[in-house]
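S.K.: heads up, no residue letters with this:
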C-alpha cells in the first residue's frame, strides 16, 4: 500500500495533469500520451531522488532526454513535450508561500522559501539546458557519422 500512495498515485496524477495541459498546447493524438508519460517519468525521478533540488535537476534532465527522443521518433517539435512534462515540477506553491510569508512579515520563512523556490527553478532550467545540449551534440555526431561516405581501402 505504501508503494501505491508514495509513488504510483502521484505519478498517475502527474500523468493526468500533463494530459490536461496538452489541450492548452494543442497537442493531439499519441502526443498527449507521450507528454503524460514524460510528466509521470519526471515526477517519478523527482520522488525517487527525495524531493530535493538535485532531484529536480535529474527529473528535468530525464524529461528533456525523453522529450528529445520522442520528438525525433515522431518528427515533432520538442518544446511541446518538454514544457508540458515539466509543469508538475514547477514550484508554484513555493512562490505562493514565499509571497504569503513576505506579506505576513515573516522574513526568515520568506527568505528560506524563496531561496528553495529559486533553487528549484534554476535546477529545472539547468537540467533541461544541459540534457538537451548534450543530446543534440551526441545526436548530431551520430547522425553525421552514419551519413558519412564510407571509404574502402
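M.R.: Great, that's in hand. Fair warning: this is a prediction, and the values are worked out from it, not measured in the lab. Numbering: from 1, shown residues only.
S.K.: what's around residue 90, how many residues?
M.R.: 15 (other Cβ atoms under 10 Å). (Glycine included, C-beta is placed from N, CA and C.)
S.K.: where does pLDDT dip in the protein?
M.R.: Under the criterion pLDDT under 70, the flagged ranges of the chain are 1, 142-153.
S.K.: which elements pack onto the longest helix seen in it?
M.R.: Using DSSP state H to define each element, the chain has its longest helix at helix 107-147. The contact analysis (3 or more Cβ pairs under 8 Å, 6 or more residues apart in numbering; DSSP states H and E) places helix 107-147 against helix 53-74, helix 78-86, helix 92-104.
S.K.: 6 Å instead, please
M.R.: helix 53-74, helix 92-104 (3 or more Cβ pairs under 6 Å, 6 or more residues apart in numbering; DSSP states H and E).
S.K.: next up, phi/psi of residue 90, please.
M.R.: Backbone torsions for residue 90, taken as degrees, to the nearest 10, come to phi -60, psi 130.
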